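Trainee: Sequence and predicted structure, then a few things I'm wondering about:
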Amino acid sequence: MVWRALTPRERTILYFLAFLIFTSLAALGAQFYYTNTEIAPARGGVHIESELGIPRFINPVLSQISDPDRDITRIVYPGLMRYDKNGKLTEDLAESHKIENNTLYTFKLRENILWHDGELLTADDVVFTIKLIQDPKYASPVRLNWQGVKAEKIDDFTLSLKLTSPYSPFLENTTVGILPKHVWENVSPKSFPLAEANLQPIGAGPYRFEKFQKDSTGNIKSYTLKINDKYYDSPPYIERITFKFFDSEEEALRALKNKEVSAMSFISGYNSIQVKEGADEILYTFSLPRYFAIFLNQANSKLLSDKNVREALLLATNREEIINISAAGKGKPSFGPIVRELLGYNPQIEEKYQFDPDEAKRILEKSKWADTDGDGVLEKTLSGDTEPTPLEINLITVQWPELEKVMRVIKDQWEKIGVRVVINSYTLGELQQEHIRPRDYEALLFGQVVGIDPDPFSFWHSSQKKDPGLNLALYDNKTADKLLEEARQTLDSQARAEKYVLLQETISDDIPAIFLYSPTYLYPVSKNIKGISEGKIADPSWRFSDVTEWYIDTKRVWK
């Protein structure tokens, strides 16, 4: 009745007032909602990552050589311990651990861990994995790390690792992924590298195998993992992670630019300038304990067995120029086997062999090297010879654009002091099989990852001169051997650091290698992928240490 008594004008005013009240309440409600909520990660989305090469062994016992194998294995197979995003060791499969007498390590496992197939993970799986690694018939690349270790089950969720002697970085070895005994116990050593589970793994990590796709030649072109809903820790947000495999960094970079992938497993310094910060990608940087060096095989070169020649080559090497030209400035000069910022780094060796080409020329001249025929190359009649020998060095490396650039810069630098440099590059497979394993080279440009808790034993101890050892310079020095042996058994960090300081001085005096630089690990990722934290990583695969915190989709949640 009241409504009918109102005039049309009065009705319009009431409509308008009702509208104002409604919109005001809606605005207040929206303001209240946005003031009291925040954006949070939500489950969903697919992350696609490029890799160079193809996967063969998604298996922690065999995966240490190939980057695709190591990266995927890191996500699928957890270890007793893990590195967090700050580069610190923390428990993973283990709920707790204790150390007694520096030789007895006892681990208590979480009791709620399920393998991807639903079976319970127990101490039997851990003991099985360690004994399998120790068995030489399985030819595990990490076997050396587990020699002299006795693994014993105490109960279903407790085990002990007994060392024959103290080994200071041992806890780092326990980051190796654990295999399910029920899947692998009936696989013979001969069949082990051929087993189907190497490409269709059953692990216990945050992601599980879903599928892979092959091309017409049988090579794997993509490999997809999906969320493991049975994961024992905080579940990840990103629904799937797919790896795509490329033959070259340039192909992988084009895929990133064309949005075919959302990240590259790595990018070299000189290519990183093509990543436009703040546009489509973010260039994450990680500190990685790695260096590149030229390893000098004195056994294969009469010239390099002359310390004067080695010293001249070292003084003729301009590290800053190498970093700027080859890595676009993305790295730091390296002077020895211990990387800067790690335990025992000796800054005094930086002053010993600074770039000084004039001094390099003087050393060679004093050693009777001279350019007698005017061709720009020094010659000398060596002991026992009747004809002069040119000062010629054969330098090889892997077919990777950044190292090939380094090699060309080195060639230019050394030729300025009268050295002829013959350069060649090979595929990684060719380099490993035909040159590194038989130690068939004069000078090798290559990299080594030393670990966050350094133990350079395998790189510099004389017992490691032959394959599968990693002493690429065939270095043999009793003082260095003793320091390496004592350092790995010294648990006092200060005392251990002092031994590494002396080790660097010893190696610096002998010049078995020319250390060049430690490159920054560069990880270009689409800005749509969030939650990635920069920091220190033990090897490139540890960029996935916080993968469960990465996300694409979001939602609003109450504060």
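Mentor: Great, that's in hand.
Trainee: List the contacts of the closest residue to Ser508 other than its chain neighbours.
Mentor: Nearest residue to Ser508, sequence neighbours excluded (C-beta to C-beta, 6 or more residues apart in numbering): Ile349, at 4.7 Å. From N, CA and C alone the C-beta is placed, and that goes for glycine too. By C-beta atoms under 8 Å, 6 or more residues apart in numbering, the contact list for Ile349 reads Phe335, Gly336, Gln504, Glu505, Ser508.
Trainee: Now that the last one has come up, it's in contact with Gly336, right?
Mentor: Same thing as Ser508. Yes: at 6.1 Å, Ser508 counts as touching Gly336 under the criterion of C-beta atoms under 8 Å.
Trainee: Between these two, tell me which one has more neighbours.
Mentor: Ranked by neighbour count (other C-beta atoms under 10 Å), Ser508 and Gly336 place Gly336 first, with 25 against 20.
Trainee: Leaving out chain neighbours, which residue sits closest to that one?
Mentor: Closest to Gly336 by C-beta to C-beta, 6+ apart is Gln504, at 4.2 Å.
Trainee: Please report the confidence value the model assigns to Ser508.
Mentor: Note for Ser508: predicted pLDDT of 95.
Trainee: ditto for Glu341
Mentor: 82.
Trainee: Equivalent analysis for the one 4 residues further on, please.
Mentor: In this model, Tyr345 is scored at 91, pLDDT.
Trainee: Same question for the one 4 residues further on.
Mentor: For Ile349, the pLDDT comes out at 90.
Trainee: And for Asp385?
Mentor: Reported pLDDT for Asp385: 83.
Trainee: Quick check: the gap between it and Lys302.
Mentor: Distance of Asp385 to Lys302, computed by C-beta to C-beta, to the nearest Å: 10 Å.
Trainee: thinking again about what came up before, count the neighbours of the residue nearest to Gly336 for me.
Mentor: 25.
Trainee: Am I right that Gln448 sits in a strand?
Mentor: Yes: assessed with DSSP: H, G, I helix; E, B strand; the rest coil, Gln448 lies in a strand.
Trainee: Now for Ala263: which residues touch it?
Mentor: His47, Ile48, Glu49, Ser50, Leu256, Tyr523, Pro524, Val525, Ser526, Ile529.
Trainee: about what we covered before: I'd guessed the residue nearest to Gly336 sits against Arg340; true?
Mentor: No: counting by C-beta under 8 Å, Gln504 stays clear of Arg340, with 11.5 Å between them.
Trainee: one step back: in a markdown table, list the contacts of Ile349 along with secondary structure and distance to Asn102.
Mentor: Conversion of these to a markdown table gives the following (DSSP: H, G, I helix; E, B strand; the rest coil; distance: C-beta to C-beta, whole Å):
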| residue | secondary structure | distance to Asn102 |
| --- | --- | --- |
| Phe335 | coil | 31 |
| Gly336 | coil | 27 |
| Gln504 | helix | 25 |
| Glu505 | helix | 27 |
| Ser508 | helix | 30 |
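Trainee: Now the two most distant members of these.
Mentor: Phe335 and Glu505 (11.1 Å; C-beta to C-beta).
Trainee: Those two: which is more packed in?
Mentor: In terms of neighbours (other C-beta under 10 Å), Phe335 is the more surrounded of Phe335 and Glu505; the figures are 29 against 18.
Trainee: Model confidence for that one, exactly?
Mentor: Looking at Phe335, its pLDDT reads 94.
Trainee: hmm, back to that, more neighbours: which of Asp385 and Lys302?
Mentor: Neighbour count, other C-beta under 10 Å: between Asp385 and Lys302, Lys302 has more, with 15 against 10.
Trainee: quick one: low-confidence ranges for the protein?
Mentor: 1-6, 10-11, 30, 33, 37, 276-279 (pLDDT under 70).
Trainee: Now do the domain split for it, please.
Mentor: Structural domains annotated on the chain: 2-33, 46-287+521-558, 290-519, as defined by automatic domain parsing.
Trainee: Quick one: these as a markdown table, columns for distance to Ala40 too.
Mentor: Compiled in a markdown table, the domains of the chain are given as follows (distance: least, C-beta to C-beta, whole Å):
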| stretch | distance to Ala40 |
| --- | --- |
| domain 2-33 | 14 |
| domain 46-287+521-558 | 5 |
| domain 290-519 | 31 |
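Trainee: out of those, which comes closest to Ile39?
Mentor: Of those, nearest to Ile39 by C-beta to C-beta is domain 46-287+521-558, at 5.0 Å.
Trainee: quick one: that closest one to chain centroid distance?
Mentor: 11 Å (C-alpha atoms, centre = their mean, to the nearest Å).
Trainee: mind checking the end-to-end distance for it?
Mentor: Domain 46-287+521-558 has its terminal residues 26 Å apart, counting by C-alpha to C-alpha, to the nearest Å.
Trainee: And for stretch 184-199?
Mentor: 13 Å.
Trainee: what's it in contact with?
Mentor: 55-59, 61-62, 128, 132, 135, 137-138, 183, 212, 220.
Trainee: Tell me which of those residues fall in strands.
Mentor: The members of those that map onto strands under DSSP state E are Phe212, Ile220.
Trainee: which one of the contacts of stretch 184-199 has the most neighbours?
Mentor: Result: Ile58 is most packed of the contacts of stretch 184-199 (other C-beta under 10 Å), 27 neighbours.
Trainee: thought that one was touching Arg74?
Mentor: No: using C-beta under 8 Å, Ile58 is not in contact with Arg74, being 10.0 Å away.
Trainee: which residues do these two both contact?
Mentor: By C-beta under 8 Å, 6+ apart, no residue touches both Ile58 and Arg74.
Trainee: Let me know how buried Leu52 is, in neighbour terms.
Mentor: 19.
Trainee: Next one: it from Leu283, what distance?
Mentor: In terms of C-beta to C-beta, Leu52 sits 18 Å off from Leu283.
Trainee: again with Asp306
Mentor: In terms of C-beta to C-beta, Asp306 sits 44 Å off from Leu283.
Trainee: same check, this time on Glu549
Mentor: Distance, Glu549 to Leu283, using C-beta to C-beta: 19 Å.
Trainee: next one: Trp400
Mentor: Counting by C-beta to C-beta, the gap from Trp400 to Leu283 is 19 Å.
Trainee: same deal with Ala328?
Mentor: Distance from Ala328 to Leu283, by C-beta to C-beta: 11 Å.
Trainee: what's the overlap in contacts for these two?
Mentor: With C-beta under 8 Å, 6+ apart, Ala328 and Leu283 have common neighbours Ser272.
Trainee: which stretches of the stretch 251-400 of the chain form helices?
Mentor: For the stretch 251-400 of the chain, the helices defined by DSSP state H, counting those that start in this stretch cover 269-272, 307-315, 319-326, 357-366.
Trainee: Tell me, how many residues neighbour Leu171?
Mentor: Applying other C-beta under 10 Å, we find 16 residues neighbouring Leu171.
Trainee: right, and it touches Met81 too?
Mentor: Yes: with contacts counted by C-beta under 8 Å, Leu171 reaches Met81, the gap being 6.1 Å.
Trainee: Now do the shared contacts for these two.
Mentor: Counting by C-beta under 8 Å, 6+ apart, the common neighbours of Leu171 and Met81 are Leu89.
Trainee: longest helix in this structure, by residue count?
Mentor: helix 8-35 (DSSP state H).
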